[in-house]
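K.L.:
Sharing a sequence plus its predicted fold:
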Amino acid sequence: MIRGIIFDFGFTLFYFNDVSLEKYLNCYKIGLKKAVEVLNGMGILKQTSETQKFMNKFNTLRTRYFRDSMKTNEEYPTSLIFKQVFEYMNIEEIDEILLDELTTIYHSCEAEEWVPFQKTATTLKELSKIPDLKLALLSNHPHHDTIKNLVQKHKLLQYFDMVITSALFGKRKPHIEIFNYTVEKMGFKEQDKKNIIMCGDEYADIMGAHRAGLQILLFERKYKFPYEKEIPLQNINKIQEISEILNII
Ligand SMILES: [Mg+2]
């Protein structure tokens, strides 16, 4: 008997409009540009050279942390990167509210592109009618509120018992601890893991959950990212439409 389902966010419940790696990266460029425009408007960054220095440092840190997180599964929240750039620039008195605002702006271009699959809402609604079945969302993302706000904007928050992100927890999937944390937050014990499904579209979801002792369900994504990690498991349960999960549980 299935007692819980943990869903991944990107390409499992939501898709990215006209996805391509270029478009994805371009959104981060636009996001950073918008964020520095706010700082220009506030008079925090005055000269063009200062603005350029700020952007260069941000991109350097982001690339470094991205590489590091591939190896360690450590999450470096976007707000932390902004904070470190301000420190590097010797700009003081930047409060948490402004850091969070800049982070939201930085992710705003991306946030506009994420939309739920056609059958996401109806599937979650059906699942939520099943007595004693708990639903959680578990996303690798460097800004918790971007994910939570997206789920809320599309009126899906009501279906989840909890929303957990790597930004909140500090580690990224496939780190086993983020799965253990999610299971615990759902109110389950170690012995309940065999009755919980992790549904996701990539290595991080499937291998992390498998190692944590959860059941796994692969949502087969149509778009393939370059350098994607193969899942070294045979006979995995797969679905092509999110609604197919209703036939499995
Ligand atoms: Mg995904």
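P.N.:
Sure thing, it's come through. Numbering: from 1, shown residues only.

K.L.:
Okay, domains of the protein per the record?
P.N.:
As assigned by automatic domain parsing, the chain contains the domains 4-16+115-248, 21-111.

K.L.:
for the chain, what are the low-confidence residue spans?
P.N.:
Counting by pLDDT under 70, the chain shows no low-confidence range.

K.L.:
Residues of it that sit close to the ion?
P.N.:
Contact residues (C-beta under 5 Å from the ion) of the chain with the ion: D8, G10, F11, D201. Where C-beta positions appear, they are placed from N, C-alpha and C, glycine not excepted.

K.L.:
all helices of the protein, in order?
P.N.:
Using DSSP state H, the helices found in the chain span residues 21-41, 48-72, 78-88, 96-106, 108-113, 120-128, 144-153, 166-169, 176-185, 203-212, 245-248.

K.L.:
would CSV of those helices with mean neighbour count be doable?
P.N.:
Output for the helices of the chain, formatted as CSV (neighbours: other C-beta atoms under 10 Å):
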stretch, mean neighbour count
helix 21-41, 15
helix 48-72, 14
helix 78-88, 19
helix 96-106, 18
helix 108-113, 17
helix 120-128, 17
helix 144-153, 19
helix 166-169, 22
helix 176-185, 19
helix 203-212, 22
helix 245-248, 14
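
K.L.:
Please name whichever of these is nearest to I231.
P.N.:
Minimum separation from I231 across those (C-beta to C-beta) falls at helix 203-212, 5.2 Å.

K.L.:
re earlier: most surrounded residue in the residues of the chain next to the ion?
P.N.:
D8 (23 neighbours; other C-beta atoms under 10 Å).

K.L.:
Next, the contact list for the residue nearest to that residue when sequence neighbours are not counted, please.
P.N.:
Spatial nearest neighbour of D8, excluding adjacent residues (C-beta to C-beta, 6 or more residues apart in numbering): G200 at 3.4 Å. Applying C-beta atoms under 8 Å, 6 or more residues apart in numbering to G200 gives the contacts F7, D8, T12, K173, I206, A209, L217, L218, F219.

K.L.:
closest to I91 among the residues you listed?
P.N.:
Nearest to I91 among the contacts of G200: K173, at 33.8 Å, using C-beta to C-beta.

K.L.:
ok, the closest one - contacts?
P.N.:
K173 neighbours (C-beta under 8 Å, 6+ apart): D8, N73, L138, N140, S166, F179, G200, A204, D205, G208.

K.L.:
what does C109 give?
P.N.:
Contacts for C109 (C-beta under 8 Å, 6+ apart) come out as C27, Y28, I30, G31, K34.

K.L.:
right, and out of those, which lies closest to the ion?
P.N.:
When the contacts of C109 are ranked by distance to the ion (C-beta to the ion), C27 comes first, at 16.2 Å.

K.L.:
Kindly provide the distance from the closest one to T182.
P.N.:
Plainly put, C27 is 27 Å away from T182 if you go by C-beta to C-beta, to the nearest Å.

K.L.:
if you skip the residues just before and after it, what's nearest to Q158?
P.N.:
Nearest one to Q158, counting by C-beta to C-beta, 6+ apart, is S128 at 7.7 Å.

K.L.:
neighbours of I2, just the number please.
P.N.:
Neighbourhood size, I2 [other C-beta under 10 Å]: 17.

K.L.:
For it, which non-adjacent residue is spatially closest?
P.N.:
I249 (4.4 Å).

K.L.:
Hmm, E126 and that neighbour touching each other?
P.N.:
No - in this structure I249 lies outside contact range of E126 using C-beta atoms under 8 Å: 10.1 Å.

K.L.:
what sits against the most far-flung residue of the chain relative to its centre?
P.N.:
Distance from the centre of the chain peaks at Q47, with 34.2 Å (C-alpha atoms, centre = their mean). Neighbour list for Q47: empty [criterion: C-beta under 8 Å, 6+ apart].
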